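Peer 1: Dropping the sequence and predicted coords here.
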Amino acid sequence: MFWTFANYILEWVICLGMLLVVPRRRNPTSAVAWLLVVFLLPHLGLVLYLMIGENWLPRRRTKRIARLLHEGQSIRRRFRGHPSMVRPHLSPELTSAVTLAERLGFLPILGGNDVELMTETDQVIDRLIDDIEGARHHVHLLFYIFAADATGRRVADALARAVERGVHCRVLVDSVGSARMVKRLAPEMLGRGIEVHEALPVGLFRRRASRFDLRNHRKLAVIDGRIGYTGSQNIVDASYGHKDLAWHDIMARITGPVVLELQAVFLSDWYHETDELLDSDEIFPEPTTTGSVAIQTLPSGPAYPTENYQRMVVAALHGARRHVIITTPYFVPDEPFLQAMQVAVLRGVPVELIVPERYDQIVVGAASRSYYDDLLEHGVRVHLYQSGLLHSKTMTIDGEVAFLGTSNFDIRSFALNFELNLVLYDAEVAGRLAAEQRRYIADSLPLERDAWNRRRWSHKVFQNVARLFSPLL
């Protein structure tokens with residue numbers, strides 16, 4: 001009897017205490033979701049909150065961020081006013097977007113770039129390996145998933161051959177996303193002279209451990225400071241996770257001045273994990289003009305004072321005039337993003353969303369589907385991709401601006417993960433990306449409102465319950 005009463009009192013102490021703690025510096029939707037967990041399961045809810053509830057980074061990392069901002073001034077000064085670091089002339093409508101992105105991500109727009117879009121996994125890996133084979137000074141890779149499968153070993157072998165030629169090869173992988181590679185393949189790579197480090201390492205008994213749900217979700221490669229890759233593809237077989245569910249990605253291969261910004265993103269993450277600040281003429285070579293595409297690099301993550309990519313895509317939706325197409329594997333929007341899509345349609349701008357029909361994560365998939373009612377009701381066209389798991393994260397606006405990168409259009413990517421996205425201000429590139437999006441639509445089935453309303457009631461209940469926890473997913 002005594003222990004039952006004591007447990008009852010403890011549960012109320014937890015609930016009342018969390019009422020004071022949870023709402024601090026947290027948006028109301030997320031706070032309500034956490035309080036729901038705590039009030040339903042007080043003890044488990046408290047443990048979960050202590051583990052993943054606070055959006056904190058290790059103190060060591062926050063100190064390094066401050067130091068990097070100070071020491072990085074010398075890198076920025078080196079290229080200030082350089083003739084190849086061109087700031088392009090854009091229309092007044094696009095200029096306001098550029099200003100917003102610069103203030104959110106702290107990196108300037110740069111013209112004079114060339115962009116190649118690739119949509120086949122093997123094509124991307126083949127091209128990356130060719131560039132590694134041609135490297136003269138360094139190869140820098142940063143990937144959320146670097147698998148110990150056939151694809152991962154092909155890239156590792158190319159890096160080992162580069163090391164034999166005297167090329168510095170540095171590889172940074174997410175501690176959770178590449179956990180198997182860290183145990184199986186990384187020791188072999190280290191033995192062959194490749195530098196390999198974990199990003200945001202986790203572990204109960206690791207002094208410098210990070211929260212296991214705060215992940216470095218970036219996909220990035222830089223070769224000799226002149227060739228860059230980013231997009232949604234990891235270094236892994238296309239069928240990873242599900243043999244009958246191939247993943248479909250988009251990757252950009254870039255040359256031109258903006259590669260130095262991609263280099264800066266890699267070096268920032270490398271510095272945080274190794275304490276090594278790389279800054280030399282070989283690391284930052286003289287920028288050269290290779291094309292006419294204007295690009296803005298927009299890194300995001302918990303280290304930034306605002307959810308900068310979320311702010312950027314919401315602003316782009318509000319500024320759209322003719323047409324919007326979005327592709328994402330996981331669609332768990334926050335309220336401002338959802339409203340921006342709805343308002344765009346109400347203003348007469350067609351908005352199309354392409355999502356996979358099959359999801360690899362049951363709860364996230366259910367939460368995503370719970371938003372279909374809101375979209376269909378307001379006239380957003382939803383397309384269910386049939387040919388595997390659509391993993392590309394893109395948005396095109398009016399055939400003039402293209403968004404491409406690592407960030408899903410969901411709360412987790414906006415707020416918790418370290419992401420890397422590009423904003424490309426070029427009608428030709430935006431047209432190429434829109435053509436790929438339309439190929440996705442051709443392989444999709446339109447979601448009809450009447451048919452969707454006839455789904456099983458059990459599915460509706462599960463989806464609505466999953467939606468309650470969407471801020472935590």
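Peer 2: Noted; the coordinates are in hand. Numbers count the residues shown, from 1 in each chain.
Peer 1: At which residues are the helices of the stretch 51-200 of the chain located?
Peer 2: Applying DSSP state H, counting those that start in this stretch to the stretch 51-200 of the chain gives helices spanning 59-71, 73-79, 92-105, 121-133, 150-164, 179-184, 186-191.
Peer 1: Also the stretch 251-400 of the chain?
Peer 2: Ranges of helices in the stretch 251-400 of the chain, per DSSP H, counting those that start in this stretch, are 259-274, 308-319, 335-346, 362-369, 372-377.
Peer 1: So for residue 350, which of the helices of the stretch 51-200 of the chain sits nearest?
Peer 2: For these, distance to residue 350 was read as C-beta to C-beta. The smallest value, 18.3 Å, belongs to helix 92-105. C-beta coordinates here come from the backbone N, C-alpha and C atoms, glycine included.
Peer 1: Report the distance from the closest one to the chain centre.
Peer 2: Distance, stretch centre to chain centre, for helix 92-105: 20 Å (C-alpha atoms, centre = their mean, to the nearest Å).
Peer 1: average pLDDT across it?
Peer 2: For helix 92-105, the mean pLDDT works out to 75.
Peer 1: what sits up against that helix?
Peer 2: The contact list for helix 92-105, computed with C-beta atoms under 8 Å, 6 or more residues apart in numbering, reads 90, 108-109, 296-300, 304, 306, 308-309, 311-312, 315-316, 319, 400-401, 423, 425.
Peer 1: mind giving me the domain split of this structure?
Peer 2: Recorded structural domains for the chain (assignment: automatic domain parsing) are 2-52, 83-88+111-293, 308-472.
Peer 1: Output these in a markdown table; the columns should cover distance to residue 100.
Peer 2: Shown next, in a markdown table, are the domains of the chain (distance: least, C-beta to C-beta, whole Å):
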| stretch | distance to residue 100 |
| --- | --- |
| domain 2-52 | 20 |
| domain 83-88+111-293 | 15 |
| domain 308-472 | 6 |
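Peer 1: weakest of those domains by average pLDDT?
Peer 2: Out of the domains of the chain, domain 2-52 stands lowest, with a mean of 59 (criterion: mean pLDDT).
Peer 1: So residue 249 is in contact with residue 231, correct?
Peer 2: Yes. With contact defined as C-beta atoms under 8 Å, residue 249 reaches residue 231; the gap is 6.3 Å.
Peer 1: anything in contact with each of those two?
Peer 2: Applying C-beta under 8 Å, 6+ apart, one finds that residue 249 and residue 231 are jointly contacted by residue 392.
Peer 1: So which of those two has more stuff around it?
Peer 2: Shown here are residue 249 and residue 231; by other C-beta atoms under 10 Å, residue 231 has more neighbours (27 against 21).
Peer 1: Who are the contact partners of the more buried one?
Peer 2: Shown in contact with residue 231 (C-beta under 8 Å, 6+ apart): 219, 249, 250, 251, 252, 392, 404, 405, 406.
Peer 1: can you do 6 Å?
Peer 2: Residues near residue 231 by C-beta atoms under 6 Å, 6 or more residues apart in numbering: 250, 251, 252.
Peer 1: Determine the number of other residues adjacent to residue 362.
Peer 2: Using other C-beta under 10 Å, residue 362 has 10 neighbouring residues.
Peer 1: In a strand, residue 412, correct?
Peer 2: No. Assigned with DSSP: H, G, I helix; E, B strand; the rest coil, residue 412 falls outside any strand and is helix.
Peer 1: For it, give its distance to residue 133.
Peer 2: 36 Å (C-beta to C-beta, to the nearest Å).
Peer 1: just residue 125 next, same as before
Peer 2: Distance, residue 125 to residue 133, by C-beta to C-beta: 12 Å.
Peer 1: Please identify which of the two sits among more neighbours.
Peer 2: It is residue 125, of residue 125 and residue 133, that has more neighbours when counted by other C-beta under 10 Å, with 23 against 13.
Peer 1: For that one, which non-adjacent residue is spatially closest?
Peer 2: Excluding its sequence neighbours, the residue lying closest to residue 125 (C-beta to C-beta, 6 or more residues apart in numbering) is residue 151, at 5.7 Å.
Peer 1: show me the contacts for the one you found.
Peer 2: 125, 236, 237.
Peer 1: 7 Å instead, please
Peer 2: Applying C-beta atoms under 7 Å, 6 or more residues apart in numbering, we find residue 151 in contact with 125, 235, 236, 237.
Peer 1: Tell me the one of the residues you listed nearest residue 161?
Peer 2: Closest approach to residue 161 among those (C-beta to C-beta): residue 125, at 15.0 Å.
Peer 1: ok, the closest one touching residue 154?
Peer 2: Yes. Between residue 125 and residue 154 there is a contact under C-beta atoms under 7 Å: 6.5 Å.
Peer 1: What is the burial count for residue 301?
Peer 2: Residue 301 has 23 neighbours, counted by other C-beta under 10 Å.
Peer 1: rewinding a little: in a markdown table: the contacts of residue 231, plus distance to residue 97 and neighbour count.
Peer 2: Below are these laid out as a markdown table (distance: C-beta to C-beta, whole Å; neighbours: other C-beta atoms under 10 Å):
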| residue | distance to residue 97 | neighbour count |
| --- | --- | --- |
| 250 | 21 | 23 |
| 251 | 24 | 24 |
| 252 | 19 | 23 |
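Peer 1: Nearest to residue 382 among the residues you listed?
Peer 2: Once C-beta to C-beta is applied, the member of those that ends up nearest residue 382 is residue 250, at 19.8 Å.
Peer 1: How many residues are close by the closest residue to that closest one other than its chain neighbours?
Peer 2: The shortest distance from residue 250 to any non-neighbouring residue, by C-beta to C-beta, 6+ apart, is to residue 392 (4.1 Å). When neighbours are defined as other C-beta under 10 Å, residue 392 has 24 of them.
Peer 1: Likewise for residue 190?
Peer 2: Using other C-beta under 10 Å: residue 190 sits among 13 other residues.
Peer 1: And the strands in the stretch 351-473 of the chain?
Peer 2: Applying DSSP state E, counting those that start in this stretch to the stretch 351-473 of the chain gives strands spanning 351-356, 381-385, 389-390, 393-397, 401-405, 409-410, 419-425, 444-446.
Peer 1: relative orientation of the longest one and strand 393-397 in degrees?
Peer 2: In terms of direction (axes from the mean of the first three to the mean of the last three C-alpha atoms, to 10 degrees), strand 419-425 departs from strand 393-397 by 20 degrees.
Peer 1: Sweet, I'm off.
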